[in-house]
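**Student:** Coordinates for the following, if possible.
(chains A and B)
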2 protein chains.
Amino acid sequence: MAVILKGADVAQAKKPAIMARVDALKAMGICPALGIVMVGNRDDSQAYARGALKALSACGIDCNVANFPRDIKQQQLLEEIRAMNADIKVHGILVMRPIPPAIEWEAVENMVSPQKDVDCIASQNLSKVFKGERDGFNPCTAQAVMEVLEHYGISVAGKRAVVIGRSLVVGKPVAMMLLQRNATVTICHSKTSELARVTSGADIIVAAAGTAGLVKSEHVKKGSIVLDVGINVVDGKLTGDVDFKQVEPYVSMITPVPGGIGSVTTSVLMENILTAAERLAGKT
Amino acid sequence: MAVILKGADVAQAKKPAIMARVDALKAMGICPALGIVMVGNRDDSQAYARGALKALSACGIDCNVANFPRDIKQQQLLEEIRAMNADIKVHGILVMRPIPPAIEWEAVENMVSPQKDVDCIASQNLSKVFKGERDGFNPCTAQAVMEVLEHYGISVAGKRAVVIGRSLVVGKPVAMMLLQRNATVTICHSKTSELARVTSGADIIVAAAGTAGLVKSEHVKKGSIVLDVGINVVDGKLTGDVDFKQVEPYVSMITPVPGGIGSVTTSVLMENILTAAERLAGKT
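**Tutor:** Model (predicted):
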């Protein structure tokens, strides 16, 4: 029986420190706040924003959702972000993706102030992830993977880690963060041949391919550790990239979906907002 | 007998296109030029600059070396770089490393204009390497590895590539570039345990660890391809990270040291300078 790595436990353990940081900021007259930029009325973005708003306000962090019409001009959207950059009452900025194709994502990336870039889209922060520097902001989901490892005392140094997926929000940053902690890191993807041969050599697997049930028993080494970042909806049910039923009996530790990595992402977002607020206040 | 991948052949093949691009720029009244920033009188930097100057001028590219005293103040150095950024007669800027410890490297990185950053130190260009975008500048040595693969028609898609070394000038960028071309990429380093076990599974090995003779016969799979980026001096002799004599009989293709990757780096530098000059002229 594998140990189930519960995201809720990680989030719970983080809570006291988050609350203390919020209190310390409020004692300085600062109410930490996130600005969410949304373009068009996408259901998924709306659902995410509602969830974030609920979680953040429960911890005393404000969350202002700016919902712009689908046909907003790029220049106007950039001006709105510029205003958020300048607004001293906003400490973190999160731009919901996808945005309409008429707006260049790169222009948005370049507009968000690196100091408020709590989801790591600005090149200054991305290049820090690449360099292995820790004074920027890491992408929340990638950082959530590291937080789960840390919480459960899983050392990665000298271990073989395989990351499945090469997105900029999870795969590549997780690979760099594992590398920074001295893991030997392999990045697999849709063009990898003999995936099972590669992954079955891993001590740690991070599944972030976005393909439901991709990782089966033949993909894992006995006793390895599996972190499932996948969030896929199959028949109306949230399901990960790992075939949990098949894989669980073989591994030593595994995150479930739901209730795994996803449950830690909001805590990381809050920590990033607090870090931004503290830095902007000159506290750190 | 392995095929010897000769850097000089790659450089030679690149020459006609480089000359044509220089001519086209000159026809527009533009003399492509590199500005080299050197701090202190380091012998290694001097030797590099002399070599670059000779190679570049042979192709009609100017090379201005700005040699600053070891005790230059950071602010003054930054002002000098700012002046180069503004100088329309300089198209590429190369800052020789190492710089004295009194000067923060990060401040230098942030000062070099991304448009003239032909050795990829600015975060805008580094983040493009990380993202897999090709409209920035790649680090010259890392790009030289890709150029050798390209010249010899070596496809990496679906292959297993192992990069030994995780520096920002070679290891990490090469890993990202191989990944971008659909290789399955593993990054090894000094903390990797059982290195030979990892590397012996590779179809392609890029050795960039900076340890003379690190890669021996037990590290390579029969028939694999080995690219040696190491430049170490042992008993006054230039030697790579690969024990050439031991490894060559086992592999299908191998780069020598000297005469391998290093011979292509200057060509890549020239191409980057020309790209910068063309972009600044609005040609591309």
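**Student:** Which helix in chain A has the most residues?
**Tutor:** helix A:7-27 (DSSP state H).
**Student:** what helix or strand is residue A:108 on?
**Tutor:** Assigned by DSSP states H and E, residue A:108 falls within helix A:105-111.
**Student:** For that helix, name the packing helices and strands.
**Tutor:** helix A:74-86 (3 or more Cβ pairs under 8 Å, 6 or more residues apart in numbering or on different chains; DSSP states H and E). Using the backbone N, CA and C atoms, a C-beta is placed for each residue, glycine as well.
**Student:** Just the buried residues of the helix it packs on, please?
**Tutor:** By neighbour count on 16 or more other Cβ atoms under 10 Å in any protein chain shown, the buried set for helix A:74-86 is A:77-78, A:80-81, A:84-85.
**Student:** Within its sheet, name the partner strands of whatever helix or strand comes next after it and how each one runs.
**Tutor:** Note on helix A:74-86: by DSSP H and E, the next helix or strand toward the C-terminus is strand A:92-95. When pairing is defined by DSSP bridges, strand A:92-95 lines up against strand A:33-39 (parallel).
**Student:** Report the backbone C-alpha coordinates of the partner strand in CSV.
**Tutor:** Taking Å, rounded to 0.1, in the frame of the first residue of the first chain, the C-alpha atoms of strand A:33-39 are listed here in CSV:
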residue,chain,number,x,y,z
ALA,A,33,-4.3,41.7,-2.7
LEU,A,34,-4.4,39.8,-5.9
GLY,A,35,-5.6,41.3,-9.1
ILE,A,36,-7.1,38.8,-11.5
VAL,A,37,-7.3,39.8,-15.2
MET,A,38,-9.9,37.9,-17.2
VAL,A,39,-10.8,38.5,-20.8
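**Student:** and that strand, how far out from the chain's middle?
**Tutor:** Offset of strand A:33-39 from its chain centre (Cα atoms, centre = their mean, to the nearest Å): 16 Å.
**Student:** Following the chain past it, name the next helix or strand.
**Tutor:** Beyond strand A:33-39 toward the C-terminal end (DSSP H and E), the next one is helix A:43-58.
**Student:** buried ones in the helix or strand just after that next one?
**Tutor:** Where DSSP H and E defines the elements, the next helix or strand beyond helix A:43-58 is strand A:62-68. Buried residues in strand A:62-68, counting neighbours by 16+ other Cβ under 10 Å, are found at A:62-63, A:65-66, A:68.
**Student:** looking at chain A, which helix or strand does the model trust least?
**Tutor:** helix A:43-58 (a mean of 91; mean pLDDT, DSSP states H and E).
**Student:** what packs against that helix?
**Tutor:** Packed next to helix A:43-58, using 3+ Cβ pairs under 8 Å, 6+ apart, are strand A:33-39, strand A:62-68, helix A:262-280.
**Student:** could you redo the last one with a cut-off of 10 Å?
**Tutor:** Under the contact criterion of 3 or more Cβ pairs under 10 Å, 6 or more residues apart in numbering or on different chains; DSSP states H and E, helix A:43-58 touches helix A:7-27, strand A:33-39, strand A:62-68, strand A:92-95, helix A:262-280.
**Student:** Among those, show me which one is buried the most.
**Tutor:** strand A:92-95 (a mean of 26; mean count of other Cβ atoms under 10 Å in any protein chain shown).
**Student:** Quick one: mean pLDDT for it?
**Tutor:** What strand A:92-95 shows for mean pLDDT is 97.
**Student:** can you give me how far that strand is from the chain middle?
**Tutor:** For strand A:92-95, the distance to the chain centre is 13 Å (Cα atoms, centre = their mean).
**Student:** returning to what we had before: and for the helix holding residue A:108, what are the contacting residues?
**Tutor:** A:37, A:39, A:74-75, A:77-82, A:84-85, A:93, A:95, A:97-99, A:104, A:117, A:121-126, B:124, B:127-128, B:131, B:133, B:135 (Cβ atoms under 10 Å, 6 or more residues apart in numbering or on different chains).
**Student:** Same question for it: list its buried residues.
**Tutor:** Quick answer for helix A:105-111 (16+ other Cβ under 10 Å): A:108-111.
**Student:** next structured bit after that helix?
**Tutor:** Moving toward the C-terminus from helix A:105-111, the next element (DSSP H and E) is helix A:123-131.
**Student:** If you tally nearby residues, what's the number for the residue lying closest to residue A:207 once chain neighbours are set aside?
**Tutor:** Of all residues not flanking residue A:207 in the chain, residue A:241 sits nearest, at 3.8 Å (Cβ to Cβ, 6 or more residues apart in numbering or on different chains). By other Cβ atoms under 10 Å in any protein chain shown, 25 other residues sit near residue A:241.
**Student:** Could you check how far residue A:241 is from chain B?
**Tutor:** Using Cβ to the nearest Cβ, to the nearest Å, residue A:241 is found at 17 Å from chain B.
**Student:** My guess is that residue contacts residue A:199. True?
**Tutor:** No - with contact defined as Cβ atoms under 10 Å, residue A:241 does not reach residue A:199; the gap is 11.4 Å.
**Student:** overlap in contacts of these two?
**Tutor:** A:164, A:205, A:207, A:214-215, A:226.
**Student:** Among the residues you listed, which lie within strands?
**Tutor:** Residues of the shared contacts of residue A:241 and residue A:199 located in strands (DSSP state E): A:164, A:205, A:207, A:226.
**Student:** out of these, which one sits closest to chain B?
**Tutor:** residue A:164 (10.2 Å; Cβ to the nearest Cβ).
**Student:** and chain B, which of the buried residues of helix A:74-86 contact it?
**Tutor:** Among the buried residues of helix A:74-86, no residue is within reach of chain B (Cβ under 10 Å from any Cβ of the partner chain).
**Student:** which among the residues you listed gets closest to residue A:6?
**Tutor:** The closest of the buried residues of helix A:74-86 to residue A:6 turns out to be residue A:84 (Cβ to Cβ; 34.8 Å).
**Student:** contacting residues for residue A:140?
**Tutor:** Contacts for residue A:140 (Cβ under 10 Å, 6+ apart) come out as A:94, A:118-120, A:147, A:169-170, A:264-272.
**Student:** next one: residue A:272
**Tutor:** Residues in contact with residue A:272, defined by Cβ under 10 Å, 6+ apart, are A:34, A:91-92, A:94, A:116-120, A:136-140, A:143.
**Student:** Same question for residue A:157.
**Tutor:** Applying Cβ under 10 Å, 6+ apart, the residues contacting residue A:157 are A:178, A:181-184, B:191, B:193.
**Student:** what about the stretch 151-284 of chain A, any weak spots by pLDDT?
**Tutor:** Along the stretch 151-284 of chain A, the model assigns pLDDT under 70 to residues A:284.
**Student:** near chain B, which residues of it show up?
**Tutor:** Counting by Cβ under 10 Å from any Cβ, the stretch 151-284 of chain A sits next to chain B at A:157-162, A:166, A:168, A:171-173, A:175-176, A:178-195, A:197-198, A:201.
**Student:** repeat for the stretch 1-150 of chain A
**Tutor:** Proximity of the stretch 1-150 of chain A to chain B is confined to A:106, A:109-110, A:114, A:121-133, A:135-136 under the rule Cβ under 10 Å from any Cβ.
**Student:** Generate a ChimeraX selection restricted to the buried entries among the residues you listed.
**Tutor:** Buried members of the residues of the stretch 1-150 of chain A next to chain B can be picked out in ChimeraX with the line below, counting by 16+ other Cβ under 10 Å:
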select /A:109,110,114,121,122,123,124,125,126,127,128,129,130,131,136
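**Student:** Now do the SS call for the residue nearest to residue A:244 when sequence neighbours are not counted.
**Tutor:** Spatial nearest neighbour of residue A:244, excluding adjacent residues (Cβ to Cβ, 6+ apart): residue A:256 at 6.4 Å. Under DSSP: H, G, I helix; E, B strand; the rest coil, the three-state class of residue A:256 is coil.
**Student:** ok, residue A:256 touching residue A:4?
**Tutor:** Yes - counting by Cβ under 10 Å, residue A:256 touches residue A:4, with 5.9 Å between them.
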